[in-house]
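**Q** Let's see this in three dimensions:
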Amino acid sequence: MKRAILLFSALILTACGGGAEPFADIKNIPSTEFTIETVSDDLTKPWGVAVLPSGAYFVTEIGGTAKRIEDGTAQAITGLPDDILVNGQGGLMGVVLAPDFIKTRDIFLTYAYGTEKANGTAVYRARLQGDKLEAGRVIFRSTEKAAGSHFGGRMVFLPDGTLVVTLGDGFAYREQAQVLSNTLGKIVRLNRDGTVPNDNPFLGQDDVEPQIYSYGHRNVQGLAYDTQSGTLWAHEHGPNGGDELNLIKGGANYGWPLATSGTDYNRAKISPFKTLSGTEDFVYDWVPVSIAPSGLTIYRGNMFPDWQGDALVGALANKSLWRVDLEGTKAVGAERLLGDLNQRVRDVKTDRDGAVLVITESADGGQLLRLTPQ
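**A** Purely as a prediction, here's the structure:
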């Protein structure tokens with residue numbers, strides 16, 4: 001038994017580069033370089049945040065609850081879906097406001113639905129009135145699978161009013177990311193009532209799910225639309241290494257599992273190809289180990305002028321916030337922020353005034369932080 005433990009430990013050390021810091025060449029920016037305000041620490045494993053027009057914040061919690069935070073007070077939200085499956089990586093996940101929220105009060109949530117043996121990701125639309133959701137209904141459910149992992153769950157609206165939603169491959173079903181007759185390992189695009197836009201890239205093709213916008217994804221937990229450049233960005237979890245930042249194009253194949261720079265958890269090769277003809281190359285990837293990315297914003301604000309157009313990426317396993325330096329659609333460098341806080345970063349957003357919102361999570365709690373220049 002002791003020999004087996006030693007061999008397993010050696011395998012883990014090998015996977016992490018022999019115990020050495022895998023990102024030793026990356027510049028680390030400590031938390032002392034910023035002014036950090038704790039907006040709320042009255043959170044339980046928070047997952048996503050949206051900024052309300054009033055300046056309050058709507059925060060989802062993976063355990064199936066949500067809170068509105070205003071003036072340091074966290075108030076529970078009622079009217080949430082009654083079929084949220086809290087299992088493994090699933091629960092209440094993403095949140096986004098409709099572009100005309102001030103008029104309609106429409107808000108959209110993603111959550112895991114189903115049972116342990118048959119589950120997926122659902123999109124819920126409701127009206128937010130104070131601390132209550134009203135007239136809620138499910139507008140989309142993804143293909144079911146039997147695993148408590150890889151639900152995706154991020155959303156963003158495009159300028160044409162359509163809603164883009166990220167999904168996962170279900171972990172044990174990675175080959176399905178290349179199969180267009182289901183939504184596993186896909187990003188989908190919907191009208192806000194859940195119907196299919198008439199210009200979706202695969203609409204009208206036989207044996208193809210018409211909601212699909214792009215495919216060949218593993219587990220997409222970061223999504224952002226940059227209004228200035230008109231580009232859609234996503235990042236996704238790799239296996240052991242191979243997390244990717246991607247520029248998303250309608251109809252494109254992002255390669256998983258045919259092409260990846262990561263390996264399986266036992267260090268076996270998943271594919272001999274890091275890139276492959278007919279699939280989109282990543283803009284930036286994390287190797288040799290995964291940072292476990294979650295949350296994404298393309299920074300456009302006045303507080304951090306040197307960050308204009310850069311990608312800010314939360315890291316769960318790496319317990320930090322990454323800035324990927326982008327020149328147009330090309331990555332020219334990266335740096336690691338807040339690593340000294342030793343906190344899992346679940347979501348990151350740009351606040352209305354240009355501050356950076358960061359959600360951290362721990363085993364039994366979490367915080368909503370605001371970063372401004374020191």
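**Q** Name whatever forms a beta bridge with residue 296.
**A** Counting by DSSP bridges, residue 296 forms beta bridges with residue 313.
**Q** who touches residue 256 in this structure?
**A** With contact taken as Cβ atoms under 8 Å, 6 or more residues apart in numbering, residue 256 is in contact with 169, 174, 177-178, 185, 216-218, 236. Placement of C-beta: from N, CA and C, glycine included.
**Q** Going by neighbour count, which of those comes out on top?
**A** Neighbour tally across the contacts of residue 256 (other Cβ atoms under 10 Å): the maximum, 31 neighbours, falls on residue 185.
**Q** where along the stretch 201-350 of the chain do the strands fall?
**A** 212-215, 220-226, 231-236, 243-248, 284-286, 293-298, 311-315, 320-327, 330-337, 344-350 (DSSP state E, counting those that start in this stretch).
**Q** Of all those strands, which one is nearest residue 35?
**A** Closest to residue 35 of the strands of the stretch 201-350 of the chain is strand 330-337 (Cβ to Cβ; 13.4 Å).
**Q** Give me the buried positions along the closest one.
**A** 331, 334-337 (16 or more other Cβ atoms under 10 Å).
**Q** follow-up on the earlier one: redo the strands of the stretch 201-350 of the chain as TSV? Include mean pLDDT and distance to residue 129.
**A** Output for these, formatted as TSV (pLDDT from 0 to 100; distance: least, Cβ to Cβ, whole Å):
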stretch	mean pLDDT	distance to residue 129
strand 212-215	98	31
strand 220-226	98	27
strand 231-236	98	31
strand 243-248	98	33
strand 284-286	98	41
strand 293-298	98	27
strand 311-315	98	30
strand 320-327	98	33
strand 330-337	98	37
strand 344-350	98	23
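**Q** With distance to residue 160 added, can I get the ones you listed in a markdown table?
**A** Shown next, in a markdown table, are the strands of the stretch 201-350 of the chain (distance: least, Cβ to Cβ, whole Å):
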| stretch | distance to residue 160 |
| --- | --- |
| strand 212-215 | 13 |
| strand 220-226 | 11 |
| strand 231-236 | 12 |
| strand 243-248 | 15 |
| strand 284-286 | 27 |
| strand 293-298 | 18 |
| strand 311-315 | 23 |
| strand 320-327 | 24 |
| strand 330-337 | 26 |
| strand 344-350 | 22 |
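**Q** between those strands, which gets nearest to residue 91?
**A** Nearest of those (Cβ to Cβ): strand 344-350, 12.0 Å.
**Q** which helices and strands does the next helix or strand after that closest one pack with?
**A** Helices and strands here follow DSSP states H and E; after strand 344-350, the next one along the chain is strand 356-361. For strand 356-361, the elements it packs on are strand 46-51, strand 311-315, strand 344-350, strand 366-373, judged by 3 or more Cβ pairs under 8 Å, 6 or more residues apart in numbering; DSSP states H and E.
**Q** ok, and the closest non-adjacent residue to residue 350?
**A** residue 297 (4.9 Å; Cβ to Cβ, 6 or more residues apart in numbering).
**Q** Distance of the one you found relative to residue 247?
**A** 15 Å (Cβ to Cβ, to the nearest Å).
**Q** repeat for residue 135
**A** Counting by Cβ to Cβ - residue 135 and residue 247 are separated by 36 Å.
**Q** and the two? which has more neighbours close in?
**A** More crowded of residue 135 and residue 247, by other Cβ under 10 Å: residue 247, with 19 against 11.
**Q** What separation is there between the residue positioned nearest the centre of the chain and residue 271?
**A** The chain has residue 221 as the residue nearest its centroid, 1.9 Å off, counting by Cα atoms, centre = their mean. Look at residue 221 and residue 271: by Cβ to Cβ, they are 22 Å apart.
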